[in-house]
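S.K.: fold the following.
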Amino acid sequence: MAVNWKKIKRRLGKDTDAAIAQDIGVSTQRVQQVRTKFRIEPAYGPGGCPFFWTQKEIALLGTMSDRKVGELLGVPKDAVKYKRRLLNIAAHGHHRSERTEIVLRRIARSRKGVTCREIAAKTSLSLEAVRSVVDRLAARGEIEANGTRPAKRRGRREVVWIVA
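M.R.: Down below sits the predicted model:
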């Protein structure tokens, strides 16, 4: 069955792709393709719900599971997860590993910055373990690179990390 998208176009961006797809008997992905072709934004933006977060609601993020926060606020858990990640808030029950704490303590003690190699030399962690932790922390925005400085060997340069 051919769909007259010109008639459906009025609903795109005003109703969810899933609701339109169900009404006209096509897949959600097909509706999304057509909506994108017409350069129309999704009805409710990222997270999939028409929800504007208050400070009190944001304060709930990370204090209980995303599912429970979603049920409490009447929004999908995926919308809660999206907002929590957007604000860089750890999930409920998520605790940093001992390795991460060791690396963060060593970085916090340093005033001029510290390399991964120096952290590994002063702790019980391997260089690869330190680099893994540092990469993860940098990706989350908890620490940032503050330039480079010459390494002790072979004229290489090493990244100096500081607390963000």
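S.K.: phi, psi of the residue lying closest to Gly70 once chain neighbours are set aside?
M.R.: Spatial nearest neighbour of Gly70, excluding adjacent residues (CB to CB, 6 or more residues apart in numbering): Lys77 at 4.1 Å. (C-beta placed from N, C-alpha, C; glycine too.) Here is the backbone geometry of Lys77 (degrees, to the nearest 10): phi -60, psi -30.
S.K.: I figured Lys77 hits Lys83, correct?
M.R.: No - in this structure, Lys77 is not within contact of Lys83 by CB atoms under 8 Å, at 10.8 Å.
S.K.: tell me which of the two has more neighbours.
M.R.: Lys83 (21 against 14; other CB atoms under 10 Å).
S.K.: report the separation between the more buried one and Thr123.
M.R.: Using CB to CB, to the nearest Å, we find Lys83 at a distance of 35 Å from Thr123.
S.K.: now Ala19
M.R.: From Ala19 to Thr123 the distance is 54 Å (CB to CB).
S.K.: kindly report the same for Glu142.
M.R.: Distance from Glu142 to Thr123, by CB to CB: 18 Å.
S.K.: show me the shaky parts of the protein.
M.R.: 1, 44-51, 94-96, 111, 144-164 (pLDDT under 70).
S.K.: which stretches of it form helices?
M.R.: Assigned by DSSP state H, the chain shows helices spanning 5-8, 17-24, 28-37, 55-60, 66-73, 77-86, 98-109, 116-122, 127-140.
S.K.: so Glu41 sits right up against Lys14, yeah?
M.R.: No - the pair Glu41 / Lys14 is not scored as a contact, 10.4 Å apart, by CB under 8 Å.
S.K.: next, count neighbours for Leu61.
M.R.: For Leu61, using other CB under 10 Å, the count is 21.
S.K.: likewise for Val69?
M.R.: So Val69, with other CB under 10 Å, has 22 neighbours.
S.K.: what sits against it?
M.R.: 60-61, 63, 77, 80 (CB atoms under 8 Å, 6 or more residues apart in numbering).
S.K.: distance to Ala138 added to those residues, as CSV?
M.R.: Compiled in CSV, the contacts of Val69 are given as follows (distance: CB to CB, whole Å):
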residue, distance to Ala138
Leu60, 28
Leu61, 22
Thr63, 26
Lys77, 28
Val80, 25
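S.K.: so Leu104 makes contact with Arg136?
M.R.: No - between Leu104 and Arg136 there is no contact under CB under 8 Å: 11.3 Å.
S.K.: now the common contact residues for the two.
M.R.: Counting by CB under 8 Å, 6+ apart, Leu104 and Arg136 have no contacts in common.
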